[in-house]
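1. quick one, structure for this:
(chains A and B)
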Amino acid sequence: MEIDPFIFRLSIFILSIFVGYYVVWSVTPSLHTPLMSVTNAISSVIIVGAIIAALAGNSVNVFNISSIFGFLAISLAAINIFGGFLVTQRMLAMYKKKKKDK
Amino acid sequence: MLSANLSAIFYLISGVLFILALRGLSSPETSRQGNFFGILGMIIAITVTFLSIGNFSNGFIAVLIFLLIGGLIGAYIAYKIPMTAMPELVAGFHSLVGLAAVFVAIAAFLNPEAFSLGSPGNIKLGSLIEMSIGAAVGAITFSGSVIAFLKLQGIMSGSPITFKGQHALNALILISIIVLIFYLCSTQSSNLFWILIGVSFLIGFLIIIPIGGADMPVVISMLNSYSGWAAAGIGFTLENTALIITGALVGSSGAILSYIMCKGMNRSFFNVILGGFGATDQSEQDKNREQRPVKSGNADDAAFLMKNASSVIIVPGYGMAVAQAQHALREMVDTLKKNDIKVSYAIHPVAGRMPGHMNVLLAEANVPYDEVFELEEINNDFVNADVAFVIGANDVTNPVAKTDPQSPIYGMPVLDVEKCKSVLFVKRSLSPGYAGIDNDLFYNEKTLMLFGDAKKMTEDIIKNIS
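-> Down below sits the predicted model:
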């Protein structure tokens, strides 16, 4: 008997929920805003699907109805990836410890 | 061209890097490294996708162009956005993730061969279910986030919009989504697919309009969670582990944040989602409000009190950010510290418009993060502090939450400000806060009200101390 690959993906999914649960509880509350912006950025890994959709058209015609949706999704996800990571970077750079000499 | 197994390994690596990115946020010291891991994971995922397609024809250039356009817009926004506008930004970004999920699902539905999911009109059943769930959740995320964005930006009124039969209508639409997915799977009809997306847009819109402005922290966290589940749904369709792992991480992260926010307000999740809070009968409360005496003072009195204190706790709220008083506040604290007064900041979980918002605003004003404390960490210190300086906060200090079971905020965790030897309360007027209830602290004999603009008042106090 073979196991459906779906079951493997489901296992990864369920285990990741648990990993996420414990990792996120360990995030310090003062960093909850950067947490949201960084989760925003990483969820845009959906760009992977967008790239496949965009390049899947036949080589004669780059733009067809389904690849256009792919191209649009690439731009949307790219806004998020660049915007999300950069704004997180900007916020995290502001978190400073007390200066000793003061 | 990369083999399917090898690319799967790389996707797994980028998934692990994303986990490390979140792990890094457990302390500010490791957080920057964590963000770097996240960027690395993203680069790996995108590169592997290109390599596994191996189709470097003219389409590749077009992909790069679209990537660059999006990237430039994103980078521009990231550098320009003021920190007070973070909630709007995050809501806006959520809507983009949702819309991208919808677009990818549409592309997969129109051209399933590209993802090896079957042929149009004959898509594998499992994939069809996954992509319709991905599309529906994505659409809900999109329209919900757009409404949240409009409310936060002030384009749309923050007051809840309710009408008769609202809950019944929402329930009906949710059931119709399930029925639609069922029929879509048995008929493979593209019309049903479009209707499903349309109806999902509609429900996202309807779910968010009844929720008031004060509940936006919960809404943003909830939409954060939705965007994760949408990504996971698409991840199942595309059989991509990086997407499945990320979707699960983001989904649970948003869910935890919503839970923390609900607990901070002592309200159940359903209570928030069903909405209408803040629409309570204001006029009746106004009638019942007796005229009570209030002590009010000026910057000189405040400066005198604080100069003679040995420890001061600052309680900032969103009003401080609205008045742009955070820099002036930090200057005031610097002056106090020069006079050997111990100063710390107390932050309530729902201070600000999104989780952790106040911390970012203080960090921007160069307040060291080790002087900023969460409610549980600092609440016992109020007893020993000489002065509590409340600036822009209101409901989160209201002792009624501990004493009056009739109060709508009863049971909400509040900062024990009234235990301080004296309380300074910077506020424009005696008007009630978001919860629409009177704050007992105003009338406490220890309290000195400082009426005026938060920024101006703080600057005046600085002048009087030095």
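
2. tell me which element the nearest residue to B:Ile208 once chain neighbours are set aside is part of?
-> Take B:Ile208 and drop its neighbours on the chain: the residue closest to it by C-beta to C-beta, 6 or more residues apart in numbering or on different chains is B:Ile147, 4.1 Å away. Yep, even glycine has a C-beta here, placed from its N, CA and C like the rest. Using DSSP states H and E, B:Ile147 sits within helix B:125-153.

3. got it, and B:Val390?
-> Going by DSSP H and E, B:Val390 is part of strand B:387-391.

4. what does that strand contact?
-> B:302, B:305-306, B:309, B:311-317, B:319-320, B:325, B:329, B:382, B:397, B:417, B:420-427, B:441, B:454, B:458 (C-beta atoms under 8 Å, 6 or more residues apart in numbering or on different chains).

5. show me which of those are buried.
-> Applying 16 or more other C-beta atoms under 10 Å in any protein chain shown to the contacts of strand B:387-391, the neighbour count classes B:302, B:305-306, B:309, B:311-317, B:319-320, B:325, B:329, B:382, B:397, B:417, B:420, B:422-427, B:441, B:454, B:458 as buried.

6. quick test: name the residue nearest the centre of chain A.
-> A:Ile42 (1.9 Å; C-alpha atoms, centre = their mean).

7. ok now the helix holding B:Ile147, how far from the chain's centre?
-> Helix B:125-153 has its C-alpha centroid displaced from the chain centroid by 17 Å (C-alpha atoms, centre = their mean, to the nearest Å).

8. can you give me the buried ones in that helix?
-> B:127-152.

9. now do stretch B:36-46
-> Buried, per 16+ other C-beta under 10 Å, within stretch B:36-46: B:Phe36, B:Phe37, B:Gly38, B:Ile39, B:Leu40, B:Gly41, B:Met42, B:Ile44, B:Ala45, B:Ile46.

10. tell me which of these fall in helices.
-> In this view, these that belong to helices under DSSP state H are B:Phe36, B:Phe37, B:Gly38, B:Ile39, B:Leu40, B:Gly41, B:Met42, B:Ile44, B:Ala45, B:Ile46.

11. quick one: the strand or helix carrying B:Ala321 near chain A?
-> Using DSSP H and E, B:Ala321 sits in helix B:318-322. No - figure legend: helix B:318-322 not in contact with chain A (C-beta under 8 Å from any C-beta of the partner chain); closest approach 12.4 Å.

12. neighbouring contacts of that helix?
-> Contacts for helix B:318-322 (C-beta under 8 Å, 6+ apart): B:84, B:326, B:329, B:351-353, B:357-358, B:361, B:391-394, B:427, B:454.

13. same deal with stretch B:362-369?
-> So stretch B:362-369 is in contact with A:30, A:91, A:94-99, B:28, B:83, B:316, B:326-327, B:329-330, B:333, B:345, B:359, B:372, going by C-beta under 8 Å, 6+ apart.

14. which ones among those residues are found in helices?
-> Going by DSSP H, the helices hold A:Met91, B:Pro28, B:Gln326, B:His327, B:Leu329, B:Arg330, B:Val333, B:Asn359 from these.

15. got a winner among those residues for most neighbours?
-> Counting by other C-beta atoms under 10 Å in any protein chain shown, B:Asn359 has the largest number of neighbours within these, with 29 neighbours.

16. so where is chain B shaky, pLDDT-wise?
-> B:1, B:55-58, B:274-291, B:433-436 (pLDDT under 70).

17. grab the nearest non-local neighbour of the residue most central in space within it.
-> Closest residue to the average C-alpha location of chain B: B:Met354 at 3.5 Å, with C-alpha atoms, centre = their mean. Spatial nearest neighbour of B:Met354, excluding adjacent residues (C-beta to C-beta, 6+ apart): B:Pro87 at 4.3 Å.

18. wait, what's in contact with that neighbour?
-> B:Leu152, B:Met216, B:Pro217, B:Ile220, B:Gly352, B:Arg353, B:Met354, B:His357.

19. quick check on the fourth one: phi, psi?
-> It stands for B:Ile220. For B:Ile220, the backbone dihedrals (degrees, to the nearest 10) come out as phi -60, psi -40.

20. where along the chain do the strands fall?
-> No chain in the question, so chain A it is. Taking DSSP state E as the criterion, chain A carries no strands.

21. should've been chain B
-> Going by DSSP E, chain B shows strands at B:118-119, B:122-123, B:311-316, B:342-347, B:372-374, B:387-391, B:422-427, B:447-451.

22. starting at the chain centroid, how far to stretch B:42-55?
-> Distance, centroid of stretch B:42-55 to centroid of chain: 32 Å (C-alpha atoms, centre = their mean).

23. ignore what I typed, I meant stretch A:15-27.
-> 16 Å.

24. next: stretch B:448-462.
-> That offset, for stretch B:448-462, works out to 29 Å (C-alpha atoms, centre = their mean).

25. which outside residues touch it?
-> B:294-299, B:301-303, B:305-306, B:319-320, B:323-325, B:328-329, B:331-332, B:335, B:391-392, B:422-430, B:442.

26. buried residues, that stretch. List them.
-> B:448-450, B:452-455, B:457-462.

27. now stretch B:183-203
-> B:Leu184, B:Gln188, B:Leu192, B:Phe193, B:Ile195, B:Leu196, B:Ile197, B:Val199, B:Ser200, B:Phe201, B:Leu202, B:Ile203.

28. with distance to chain A added, can I get the residues you listed in TSV?
-> Below are the buried residues of stretch B:183-203 laid out as TSV (distance: C-beta to the nearest C-beta, whole Å):
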residue	distance to chain A
B:Leu184	18
B:Gln188	16
B:Leu192	18
B:Phe193	13
B:Ile195	18
B:Leu196	16
B:Ile197	12
B:Val199	19
B:Ser200	16
B:Phe201	16
B:Leu202	20
B:Ile203	21
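
29. residue contacts, the closest residue to A:Gln89 other than its chain neighbours?
-> Leaving aside its chain neighbours, A:Gln89 sits nearest to B:Asn35 (5.7 Å; criterion: C-beta to C-beta, 6+ apart). Contacts for B:Asn35 (C-beta under 8 Å, 6+ apart) come out as A:Pro34, A:Val38, A:Phe85, A:Thr88, A:Gln89, A:Leu92, B:Ala21, B:Gly24.

30. quick one: which of those is nearest B:Gly411?
-> Taking C-beta to C-beta as the measure, B:Gly411 sits nearest to A:Pro34 out of the contacts of B:Asn35, at 29.8 Å.

31. wait, the closest one sits on A:Ala93?
-> No - here A:Pro34 lies out of contact with A:Ala93, judged by C-beta atoms under 8 Å, at a distance of 10.4 Å.

32. neighbour count: the two, which is higher?
-> Of the pair A:Pro34 and A:Ala93, A:Pro34 is the one with more neighbours under other C-beta under 10 Å, namely 30 against 12.
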